[in-house]
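In: Need the 3D shape of this:
(chains A, B and C)
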Amino acid sequence: MNSPTCKSRATVGNPRPTIGQILDENGVGRRRFLKYCAGITALMAMPPGMTAAFAQQLRAARRPSIIYMPFQECTGCLESLTRSFAPSLESLIFETVSLDYNHTLQAAAGHAAEAAREQAMQDAWGEYILICDGSIPTADGGIYGASAGESFIEQLRHAADGAAAIVAVGVCASYGGVGAARPNPTGAVGVSEIITDKPIINVPGCPPLPEVMTGTLVSFLASGVPELDKHLRPKTFFGNTIHDRCYRRRFYDKGLFAESFDDEGARNGWCLYKLGCRGPTTYNACATIKWNGGTSWPVEAGHGCLGCSEPDFWDHGGFYEPVTSKLFRDDGQIAGAAAAGAAVGATAAVVARARKKKLAAEADKEA
Amino acid sequence: MSTATESFSRDAAPEDRLAPSEREERAMREFAWHFGAFTATNLEACIHCGMCAEACHFYIATEDPKYTPILKAEPFKQAYRRESGAFAPFFKLLGLKKKVTVDELEEWQELLFDSCTQCGRCSLICPMGIEVAEMIEVGRRGMAAAGLAPRELMDRARRQAETGAPEKPARPYAEVLAEIGREFDIEIPLDRDKAGIMVCAPRTDLERNPAAVAAMAKILNRLGADYTFRSEALIAENYGYYAGSRALQKKITRRVVDQAVEIGAAMVIVPECGHAYTALRWQAAEIIGEKLPFRVRHITEYLAEQLAAGKLRLDSVDGESFAFHDPCQLVRKGGITDAPRELMKAMGVDLREMENKKGFSFCCGGGGGVNDLERARPLRYRAQEIKLREVDETGATRFMTSCSDCRVAFDDAAEHFNWDKKPESLVELVAANIKD
Amino acid sequence: MTILEFSRGTMLHFALAVFVFGVLWRLVTTFLLGWRKRLSEARATPGKAAVEGAIAVGNRSWPHPEFIGRTGFGEAVGYGYHIGLFIIVLMGTPHVVFWKNLFGINAPWWPTISSGWISVISVVTIFLMLIATLRRISHPVLRRISNFDDYFTLVILYAVMVTGVMAVFGIGGRYETVLAAHVISFNALLIWFPFSKLMHAFYILPTRFFIGYTHAKKGAAT
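Out: Below you'll find the predicted structure:
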């Protein structure tokens, strides 16, 4: 359903400049650009020999038009995305794209902003990249989320119509996130639940790592929709579990665990498995890329992974219950089953005894 | 020498008239009589590990898997699952457990009678602690109820229940006993009106080894015991137990109990006969449904008590080497392990223990009525080889036991294999070495 | 709902309910079928016999020396994989946290064993199970007395063991999928348990106790 082709790059005769041209205009040297590409390809675990080809593809890519649509969201993803350490090349690359609509960042507001969006979409109809942020409420006709007199679900359908591809940023846009957590009053869902006829890339997380967002975008520009897992996440960033890459893994293997957040084990930096770390079932790049420019990440800070890049992570039991713990709440069902079992057993015994008594009496009579 | 002392005529027996369906019903009803929490836990616990085969001399000798002890209990197990177990209604409604059929029962006759001496060794090997032997015994009970117990056992049981003797003797056993007294010049009290102790005699000894009976009387006389034999309950054996007929076993038991009660006996002494001990010591009260008003002691048990009390004093046999066979019914199933050894020790016997001894001893091969089944003979010989080898391996020059049925089995095997040993009676040895 | 969620949630809840229901049904029926009073003069007091019974519960785990020659191999294999299973289930960290969470107990004293050792024990356990299976298929006695229950129980046990090892070694697919397969096979084990030979885990206690008790009352070997 999500074909990995991208019309925008294939379009011939587009007047928009290539990324290479923009970089040259901004005085970014070839050396610096290649270094950046090497970093990106390394991050995506591509073989080193691929860097030159990747750089060439990226330079040749036309400056894309991007429509950034926010739905039921908290702006956390955008915060993460803009937490670039200026003047990073990444942010520069990001600035090279034509961010034609993002109502949080843009100066325009109200009718002017909506008009700009319509214009941008018309100008690049069928070619722009749609970035979505936040879940989409579907209950009661989608009335729980609307802007400019249009429900989110209508806005999404409309914007998706003209998109070449969609990038769902954050766990909400990907899978519904906190909005979809039980009891999900607004019927919130991720983009892929509504749009099924466009290529969709999910970049989940709460928020996602900025490098993962830009890296996904850059790799998309260079070579189209990357290889995705079953949850539509790029395998390059979501191919391994946190647990597999965690620097505390060796403690898990040795059987050394923190039993509480202030015990000897916690101070020694032992594995947080018993404290509910979701590392074993969470696919993300936090353990390798880390946060805030590689400063640290939750597990390093002493807290278990919450599993924020996984569908329905809010509903996978308490954050401090281990990944193998039960996921049901018993409201007396098991006690009821026990009572029923004992009652049925007792009844069966009474019936069997009555029958035995009758048969044994006959046996005694024969004897 | 034949151990099957009488070939049984094919005269009609009462059970011959039973229709197949009636046989099935009767077997089932008898099985039902044994349903209960004890048998249920035992039948439920089996994990099919097959260990019990490794305890059974018939399997060890033949390596034929059909002799696996727990397999012998299969008809009972099947009936239990279908009629009494927790899921019985489903097993029955859905036909997951079929009714035990006459064909099955007939197929099991050989397994339950010919190839099981009720020795109980399987119960000790079971890692789950299942009382395998008792489950097999219930199998026999069902067979007998269905009229499918071997005629050799059933006819004897019926006759014993009616007349007190399992076979029609050439002359009454009371006369035989009196003649033994004359022959050995021993006073043998018979049919005294009152006595503290009632004593029985093994039929096999009365007929084949009167010296053992005489020896018992000699010792009791020497001890000044207040005892008597009773012609109405002279025979120690209980063929009802062998045949698996609860009804006949009960009648035969009744006969003994009534006689003991009549003379006011406080104790019944069981002679050198293993299964008679099991039948009277451990099954009589259960089968008649009331506590016995007297104690039951095996003769060796009684003698060991007298020895400990200082009343029985014995001479030394000057260190002659003996191997001793522990009869299953007395030791493994009866709990008399030390008494014979204390007697032997008192006589200075150089006891050479077998590899498998005491509670773990191999069966003589002839228990459980197998001695009386002519057709079981070839299989029995194979099982007996195990025992004879163990006796030989002790290096003892003489061989002794305290059960006349075991001696019958050994005598027969000795003849068959040209074995150089003759099974002797422990009580005879005691009688010969009693101090004046 | 993901498959892992389902396996740890709804299905586990259902499986536990079936387990508790079935086990109690079977045990309650068995124990309420009636006890026959033993009337024979006993050699041991009920108290002493009960002590012998309790001893037999433990002692039967070790074969009498008379039998070791013939049963030693089978017992070693059988007890071997049982011990392996117990260690894995009771001391593997993921299992310990599972039990603690399931029973809602806080037990910091509960020991765990490193996953390296658990892996080694798991492989040995599966190997012993394979030997036990081969014996069941090839030994004439075992082949003769085995039924569907014996084989199906083994199949479920293999499913639990193999998926568990796969999860630990990270083979056979994504961790959460393999883990779900592991939990599902465990749930299957719970559901099958009350209706199968697995009930021996409970019945072993009364049968061993009774044989010790009744034999002690007779003064016979237990």
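
In: Next up, the contacts around B:Ala12.
Out: Not one residue lies near B:Ala12 by CB atoms under 8 Å, 6 or more residues apart in numbering or on different chains. Where you see a C-beta, it was placed from the backbone N, CA and C, and this is true even at glycine.

In: Sorry, slip of the keys, the one I care about is B:Arg29.
Out: A:359-360, A:362-363, A:366, B:145.

In: Just among the residues you listed, which is most surrounded?
Out: Neighbour counts for those (other CB atoms under 10 Å in any protein chain shown) peak at B:Ala145, which has 27 neighbours.

In: so which of the contacts of B:Arg29 comes closest to chain C?
Out: A:Ala360 (10.3 Å; CB to the nearest CB).

In: lowest confidence element among the helices and strands of chain B?
Out: helix B:88-93 (a mean of 90; mean pLDDT, DSSP states H and E).

In: outside of the helix or strand immediately after it in the chain, which residues touch it?
Out: Later in the chain than helix B:88-93, the nearest helix or strand by DSSP states H and E is helix B:102-109. Helix B:102-109 is contacted from outside by B:20, B:23-24, B:27, B:72, B:74-75, B:78, B:139, B:142-143, B:146, B:148-150, using CB under 8 Å, 6+ apart.

In: Please indicate which of those has the highest neighbour count?
Out: Result: B:Gly142 is most packed of those (other CB under 10 Å), 31 neighbours.

In: Quick one, which of the contacts of B:Arg29 has the minimum pLDDT?
Out: Ranked by pLDDT, the contacts of B:Arg29 bottom out at A:Glu366, which has 75.

In: Run through the chain and note the low-pLDDT ranges.
Out: No chain specified, so I'll use chain A. A:1-15, A:84-96, A:367 (pLDDT under 70).

In: that's the wrong chain, I wanted chain B
Out: Looking at chain B by pLDDT under 70, you get B:1-11.

In: what about the residue most central in space within chain B, distance to chain A?
Out: Centroid-nearest residue in chain B, with CA atoms, centre = their mean: B:His275, separated by 2.2 Å. Note on B:His275: its distance to chain A, by CB to the nearest CB, to the nearest Å, is 20 Å.

In: Relative to B:Arg295, how far out is B:Val270?
Out: B:Val270 sits 11 Å away from B:Arg295, taking CB to CB, to the nearest Å as the criterion.

In: what about those two, which has more around it?
Out: The neighbour comparison of B:Val270 against B:Arg295 (other CB under 10 Å) goes to B:Val270, with 28 against 14.

In: correct me, but that one touches B:Thr300?
Out: No: judged on CB atoms under 8 Å, B:Val270 makes no contact with B:Thr300 at a distance of 9.7 Å.

In: who in chain A is up against chain B?
Out: A:345, A:348-349, A:351-352, A:355-356, A:359-360, A:362-364, A:366-367 (CB under 8 Å from any CB of the partner chain).

In: make it 7 Å
Out: A:345, A:348, A:352, A:355-356, A:359-360, A:362-363, A:366-367 (CB under 7 Å from any CB of the partner chain).

In: can you pull out the strands in chain C?
Out: When assigned using DSSP state E, chain C turns out to have no strands.

In: so is B:Pro166 in a helix, a strand, or just coil?
Out: coil (DSSP: H, G, I helix; E, B strand; the rest coil).

In: For chain C, see how far away it is.
Out: Taken as CB to the nearest CB, the span from B:Pro166 to chain C is 24 Å.

In: got the residues of the stretch 1-150 of chain B near chain A?
Out: Residues of the stretch 1-150 of chain B lying near chain A (CB under 7 Å from any CB): B:26, B:29-30, B:32-33, B:35, B:83-84, B:86, B:88, B:145.

In: Now for the residues you listed, which sits with the most neighbours around it?
Out: Busiest of the residues of the stretch 1-150 of chain B next to chain A [other CB under 10 Å] is B:Glu30, holding 31 neighbours.

In: Which residues of chain A lie near chain C?
Out: So chain A meets chain C at A:241, A:252-255, A:257, A:259, A:273-274, A:280-281, A:311-312, A:316, A:321-322, A:324-328, A:330, A:333-334, A:337-338, A:340-342, A:344-346, A:348-349, A:352-353 (CB under 7 Å from any CB).

In: Just give the closest residue to A:Cys206, not the sequence neighbours.
Out: Among residues not flanking A:Cys206 along the chain, A:Cys308 sits closest, at 3.7 Å (CB to CB, 6 or more residues apart in numbering or on different chains).

In: do C:Phe19 as well
Out: C:Phe19's closest residue in space is C:Leu190 (CB to CB, 6+ apart), at 4.2 Å.

In: where does the one you found land on pLDDT?
Out: In this model, C:Leu190 carries a pLDDT of 98.

In: tally of neighbours for it?
Out: That count, for C:Leu190 with other CB under 10 Å as the rule, works out to 22.

In: Could you do A:Gly317 as well?
Out: Counted with other CB under 10 Å, A:Gly317 comes out at 21.

In: Is it in a helix, a strand, or coil?
Out: Following three-state DSSP, A:Gly317 is assigned to coil.

In: ok and the residue in chain B nearest chain A?
Out: For chain B, CB to the nearest CB, closest residue to chain A: B:Ala247, 3.2 Å.

In: what helix or strand does that residue sit in?
Out: Per DSSP H and E: helix B:246-262 holds B:Ala247.

In: which ones are touching the nearest residue in space to C:Phe67 that is not next to it in sequence?
Out: Leaving aside its sequence neighbours, C:Phe67 sits nearest to B:Ile125 (CB to CB, 6+ apart; 5.0 Å). B:Ile125 makes contacts with B:51-52, B:54-55, C:67, C:71, as judged by CB atoms under 7 Å, 6 or more residues apart in numbering or on different chains.

In: try A:Phe251
Out: A:270-271.

In: now with 10 Å?
Out: By CB atoms under 10 Å, 6 or more residues apart in numbering or on different chains, the contact list for A:Phe251 reads A:257-258, A:265, A:268-273, C:114.

In: related to what we said a few turns ago, between the residues of the stretch 1-150 of chain B next to chain A, which is nearest A:Pro17?
Out: Comparing the residues of the stretch 1-150 of chain B next to chain A against A:Pro17 with CB to CB picks out B:Ala86 as the nearest, at 80.7 Å.

In: coming back round to it: okay, the contacts of B:Arg29 in TSV with secondary structure next?
Out: Below are those laid out as TSV (three-state DSSP):
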residue	secondary structure
A:Leu359	helix
A:Ala360	helix
A:Glu362	helix
A:Ala363	helix
A:Glu366	helix
B:Ala145	helix
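
In: And the strands in the chain?
Out: Chain wasn't specified; assuming chain A. Under DSSP E, chain A gives strands at A:65-70, A:98-101, A:128-133, A:136-137, A:146-147, A:150-151, A:163-169, A:188-189, A:200-203.

In: Sorry, I should have been clearer: chain B.
Out: Going by DSSP E, chain B shows strands at B:197-199, B:227-229, B:267-270, B:295-298, B:321-325, B:350-351, B:398-401, B:423-425.

In: Could I get these in CSV, plus columns for distance to chain A?
Out: Putting these into CSV (distance: least, CB to the nearest CB, whole Å) gives the following:
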stretch, distance to chain A
strand B:197-199, 26
strand B:227-229, 29
strand B:267-270, 24
strand B:295-298, 23
strand B:321-325, 35
strand B:350-351, 44
strand B:398-401, 34
strand B:423-425, 35
